[in-house]
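Here's my sequence, what's the structure:
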Amino acid sequence: MELRELARGLWRWTARHPDWEPRREEDDPADWAPDVGCVAYEAGDGLVLIDPLVDNGDYGALDELASGKREVAILTTIRWHGRSGAELGTRYSASTETPDGVDPVEIPGAAETMFWIPEHRALVPGDRLLGDRPPGLRMCPPSWLRYLDGFTPDDLRQSLHTALRGLPVEMVLVSHGEPVLDEGRAAIDRALAG
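Below is the predicted model of the structure:
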């Protein structure tokens, strides 16, 4: 596993998802790349892992980050992103409580909690904001909302406007696609304008 340090104490890595399958058509539920993004953040004397996935038992880099930390927290943005969370929870005796330095951002009706890291002005979404083709952001396709009982793309757009209003976002560390590493607020605004 190769951790990419984006700022002091903030890392992102990608790992091959074991449940990935080729898409049948653009924007269908399987329309996502096989490698998914994960985030590690050093919050004081603790470590936060968001939507972590580990390939083939390659714990070395995370073991090094977790070494000597008072506490490790494992956070999940959306229920589909359990990934390696339980396994790492056992390995690091981790909690699932959001620590100081990380703010949960509930997206009303969307069954997702994004995480805001104010120190780095970084937003970590799960499935509702994706890396665009290519760079920038886009909302998830309508097919990704199918299990939400009539929750529409317009509903999602309004929920995201409401939940993210006023956040001075610089980075958007998406799970699917390429992250936005600067001017994140403008990228969000463009994604929601469509």
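
Strands along the protein, start to end?
Secondary structure of the chain by DSSP state E: the strands cover 4-7, 10-16, 35-43, 46-50, 71-75, 103-107, 112-117, 122-124, 129-131, 137-139, 171-172.

Which strands or helices does the longest helix seen in the chain pack on?
Longest among the helix segments of the chain by residue count, using DSSP state H, is helix 153-164. In terms of contacts (3 or more CB pairs under 8 Å, 6 or more residues apart in numbering; DSSP states H and E), helix 153-164 is packed against strand 103-107, strand 137-139, helix 184-193. Bear in mind the C-beta positions are built from the backbone N, C-alpha and C, glycine included.

Given the shortest one, what are its sheet partners and their directions?
The strands that strand 137-139 pairs with in its sheet are strand 129-131 (antiparallel) (by DSSP bridges).

Report the rounded mean pLDDT for the partner strand.
Mean pLDDT, computed over strand 129-131, is 95.

residues making contact with it?
Residues outside strand 129-131 that contact it (CB atoms under 8 Å, 6 or more residues apart in numbering): 32, 114, 137-140, 160, 172, 174-180, 188, 191.

What is the burial count for the nearest residue to residue 51 once chain neighbours are set aside?
Excluding the flanking residues, the one nearest residue 51 by CB to CB, 6 or more residues apart in numbering is residue 81, at 4.2 Å. Neighbourhood size, residue 81 [other CB atoms under 10 Å]: 20.

now residue 49
Neighbourhood size, residue 49 [other CB under 10 Å]: 27.

State the distance from it to residue 180.
Here residue 49 is placed at a distance of 21 Å from residue 180 (CB to CB, to the nearest Å).

next one: residue 136
For residue 136 relative to residue 180 (CB to CB), the value is 7 Å.
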